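[1] Just to be clear, the model below is a prediction. Sequence and coordinates:
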Amino acid sequence: MARLIANLHALMESGSEAVAAYEVAIERIGNFRHRHKLSEFFADHQRHIHRVSGWVTRLGAQPDKGLSRRLITRARVLLSYVIGGDRGILDALRMNEALLSERYNKAMSEDAISPDLRKLLRQCLEDIQRHRAWLAVELHRDDRKAA
């Protein structure tokens with residue numbers, strides 16, 4: 001059970017990092033269509049954190065606020081913007097989503113997980129896969145424009 005809670009805390013921390021990354025991205029990205037889509041993804045991650053936090057509490061632990069690395073994440077996305085503009089931001093978000101995907105898969109591999117929690121994590125992972133797919137398409141579209 002302790003390992004499951006640790007994995008859920010890791011999900012919450014990664015989710016907080018994603019929220020921080022999306023905050024910067026939404027502030028900086030120039031493409032309005034991208035900004036709108038990133039706002040949707042931002043809301044997804046906030047919802048994921050809230051729902052996972054509820055499960056941590058239900059399992060008898062205190063939710064970790066995951067604020068320790070948010071400043072580092074914001075700085076990394078800002079740097080990506082400075083170096084690569086909108087494309088740099090999308091690429092940084094793509095990497096964050098890949099990490100989150102790994103963390104969700106790891107949490108779902110736990111034996112002590114209930115069917116209801118597994119269902120929640122699967123739903124969150126489906127959102128992340130949708131984010132990743134959209135980011136991949138947009139980055140590919142960007143590559144085709146540059147060629």
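    Yep, that arrived.
[2] contacts, neighbours, all on C-alpha from now
    Noted.
[3] right, and the helix or strand after the helix or strand of the chain with the lowest mean pLDDT?
    Lowest mean confidence among the helices and strands of the chain (mean pLDDT, DSSP states H and E): helix 70-108, at a mean of 79. Using DSSP states H and E, the helix or strand that directly follows helix 70-108 along the chain is helix 115-146.
[4] Nearest residue to the spatially most central residue of the chain in space, please, no chain neighbours.
    Of all residues in the chain, the one closest to the mean position by C-alpha atoms, centre = their mean is residue 18, 4.0 Å from it. The spatial neighbour of residue 18 that comes closest, neighbours along the chain excluded (C-alpha to C-alpha, 6 or more residues apart in numbering), is residue 96 at 6.4 Å.
[5] and what of residue 49?
    Spatially, and ignoring its direct neighbours in sequence, residue 49 is nearest to residue 12 (5.4 Å; C-alpha to C-alpha, 6+ apart).
[6] quick one: low-confidence parts of this protein?
    Along the chain, the parts satisfying pLDDT under 70 run over 64-84, 142-147.
[7] can you rerun that using 80?
    63-84, 142-147 (pLDDT under 80).
[8] show me the contacts for residue 19.
    Applying C-alpha atoms under 8 Å, 6 or more residues apart in numbering, we find residue 19 in contact with 42, 45, 46.
[9] which among those gets closest to residue 4?
    Each of the contacts of residue 19 was checked against residue 4 using C-alpha to C-alpha; the closest is residue 45, at 19.8 Å.
[10] Would you check that the closest one makes contact with residue 18?
    Yes. Between residue 45 and residue 18 a contact is recorded at 6.9 Å, counting by C-alpha atoms under 8 Å.
[11] circling back: helix, strand, or coil at the residue nearest to the centre of the chain?
    Local secondary structure at residue 18 is given as helix here, using DSSP: H, G, I helix; E, B strand; the rest coil.
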